[in-house]
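**Q** here is the input, now give the coordinates:
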Amino acid sequence: MDPKTVAKLEEKIEEAIAEIIVKMGLKKLPLLPARHTFHLMAKAAVTVYEAAVENCREDQGSDSDED
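**A** As a prediction, the model looks like this:
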């Protein structure tokens with residue numbers, strides 16, 4: 001994926017994760033992570049998404065190989 005798209009996706013996912021965790025708060029969660037942890041969580045999510053995209057591309061390539 002394009003690096004700019006990856007960076008934007010990471011940024012938006014990080015914001016979403018932080019918003020959800022802060023809203024849930026310590027009443028439901030055992031700790032509020034550091035900002036760095038939010039960033040790592042977002043990077044992990046984007047990495048999983050990139051793997052799914054790659055797997056989809058490989059599957060589509062396999063279909064055309066069978067013809």
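
**Q** list the helices and strands the helix or strand of the chain with the lowest mean pLDDT packs on?
**A** One helix or strand of the chain scores below all others by mean pLDDT, DSSP states H and E: helix 35-65, with a mean of 91. Secondary structure elements in contact with helix 35-65, counted by 3 or more C-beta pairs under 8 Å, 6 or more residues apart in numbering; DSSP states H and E, are helix 3-28. In short, each C-beta sits where N, CA and C put it, glycine included.

**Q** find the residue at the geometric middle of the chain.
**A** Nearest to the geometric centre of the chain sits residue 45, at 2.2 Å (C-alpha atoms, centre = their mean).

**Q** quick check: closest non-adjacent residue to that residue.
**A** Once flanking residues are discounted, residue 45 sits nearest to residue 13: 5.1 Å by C-beta to C-beta, 6 or more residues apart in numbering.

**Q** how many residues are close by that neighbour?
**A** Neighbourhood size, residue 13 [other C-beta atoms under 10 Å]: 19.

**Q** with that, I have no additional questions.
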